[in-house]
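>>> Whatever this is, show me its structure:
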Amino acid sequence: MKRIIALLIGICCFLTGCSVTDTNEEKIKDLEFTVVENEKVPEELKAIIEKNKESEIKMTYQIGQYLYVIRGYAMQKTGGYSISVNQCFLTEDAIHVETNLIGPDSEKKTANEPSYPVIVLKLQYMDKPVVFD
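Reported below is the predicted structural model:
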């Protein structure tokens with residue numbers, strides 16, 4: 001019986017040493033952003049996007065007082081894709097950005113060439129990590 005009690009105490013001590021980090025995901029506020037048109041994307045950022053467009057892109061880039069959030073969906077077999085921004089908000093720990101790839105309209109004719117859907121968002125810079133939801 002003493003061994004069982006000692007074993008239970010040992011297990012309890014072991015388990016209390018483990019913890020799960022709880023991040024605060026509660027929205028503080030929605031963030032204002034601008035979707036940057038391709039011709040207005042800074043040249044240095046365009047080069048990075050071009051270099052990485054074949055694969056999925058989830059990255060940020062700071063220029064001065066602005067934070068650029070880039071979300072690319074890799075190569076698609078045809079054209080006609082677009083990207084929607086579902087949410088862009090601030091929590092205590094991070095900036096959250098949720099986007100969605102929208103497929104081509106089945107009623108419209110699309111180019112049979114590959115496309116590389118990318119969206120670039122411009123926000124005021126904040127010293128917070130970006131989470132792509």
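
>>> From here on, just use CA atoms for contacts and neighbour counts.
Fine.

>>> any idea which helix or strand comes after the least confident helix or strand in the chain by mean pLDDT?
Within the chain, no helix or strand scores below helix 2-17, which has a mean of 46 by mean pLDDT, DSSP states H and E. Counting by DSSP states H and E, the next helix or strand C-terminal to helix 2-17 is strand 29-30.

>>> Neighbours of the nearest residue to residue 96 once chain neighbours are set aside, how many?
Distances taken as Cα to Cα, 6 or more residues apart in numbering place residue 131 nearest to residue 96, at 4.8 Å, with adjacent residues excluded. When neighbours are defined as other Cα atoms under 10 Å, residue 131 has 14 of them.

>>> Verify the stated contact: residue 131 with residue 99.
No - counting by Cα atoms under 8 Å, residue 131 stays clear of residue 99, with 11.2 Å between them.

>>> so what sits against both of the two?
Residues touching both residue 131 and residue 99 (Cα atoms under 8 Å, 6 or more residues apart in numbering): there are none.

>>> Strands of this structure, start to end?
With strands called from DSSP state E, the chain shows them at 29-30, 34-35, 56-63, 66-73, 82-90, 95-102, 118-124, 130-132.

>>> so the longest one versus strand 95-102, what angle?
Going by axes from the mean of the first three to the mean of the last three Cα atoms, to 10 degrees, strand 82-90 is angled at 160 degrees with respect to strand 95-102.

>>> Pairing partners for strand 82-90, with directions?
strand 29-30 (antiparallel), strand 95-102 (antiparallel) (DSSP bridges).

>>> Just the buried positions in that strand, please.
83, 88-90 (16 or more other Cα atoms under 10 Å).

>>> so it versus strand 118-124, what angle?
Using the same axes, to 10 degrees: strand 82-90 against strand 118-124 is 30 degrees.

>>> Strand 82-90 to strand 66-73, inter-axis angle?
140 degrees.
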